[in-house]
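S.K.: I'd like to go over a predicted model; first the sequence, then the structure.
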Amino acid sequence: MSLDEFIQAAAPVLASTEAWPADRFSTDVFTQAAPLVQTRVVTLSEIPTMVDFLFLENPAIDNDAWNKTMSADFAREVLTDFTTAIATAEWNHDSLKGILETWTEAHGLKLGKTQAPIRVAITGRTVGPPLFESLEILGRDETVRRLAAGIARLG
């Protein structure tokens with residue numbers, strides 16, 4: 001189906017979900033996220049769990065995902081350094097990805113590994129829509145807030 005058809009078909013599913021308070025849902029935000037999730041879901045009922053982190057103030061964190069990703073010896077450092085770097089960076093997915101790619105290369109790691117702690121701190125899960133596009137939609141302030149909460153949770 002076309003993107004417009006997907007958005008229209010998803011609207012009643014998203015409007016009726018109990019995954020988030022009704023006042024937190026934004027059609028504009030979902031319209032931005034729709035192209036990111038359309039190819040990642042098989043049924044419309046999968047959409048709410050794919051995008052809930054965009055509409056929840058504090059998304060639930062999968063403890064297994066947290067324990068696995070945050071046990072990496074670089075987890076705290078990547079969260080801290082990325083938070084600092086994005087505070088004044090140009091706010092678009094290419095810029096955000098470039099920041100993490102630079103950090104990743106400097107530390108001799110792979111991007112998939114270094115973005116995992118960021119994804120879990122932001123979404124609560126290890127899977128979801130593309131990370132940097134999601135951060136762009138979520139916005140700088142909320143992204144920084146969630147990263148800081150992740151750092152605090154590490155103790």
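M.R.: Yep, it's here. Numbering: from 1, shown residues only.

S.K.: name the helix or strand for Thr83, please.
M.R.: Per DSSP states H and E, Thr83 falls inside helix 75-86.

S.K.: so which bits of that helix are buried?
M.R.: Ala75, Val78, Leu79, Asp81, Phe82, Thr83, Ala85, Ile86 (16 or more other Cβ atoms under 10 Å). Glycine gets a C-beta too; all of them are placed from N, C-alpha and C.

S.K.: which helices and strands does it pack with?
M.R.: The elements that helix 75-86 packs onto, with contact taken as 3 or more Cβ pairs under 8 Å, 6 or more residues apart in numbering; DSSP states H and E, are helix 93-106, helix 111-123, helix 140-154.

S.K.: can I get those in JSON lines with distance to Asn58, mean neighbour count and mean pLDDT?
M.R.: Below are the helices and strands packed on helix 75-86 laid out as JSON lines (distance: least, Cβ to Cβ, whole Å; neighbours: other Cβ atoms under 10 Å; pLDDT from 0 to 100):
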{"stretch": "helix 93-106", "distance to Asn58": "22", "mean neighbour count": "16", "mean pLDDT": "98"}
{"stretch": "helix 111-123", "distance to Asn58": "11", "mean neighbour count": "21", "mean pLDDT": "97"}
{"stretch": "helix 140-154", "distance to Asn58": "8", "mean neighbour count": "16", "mean pLDDT": "97"}
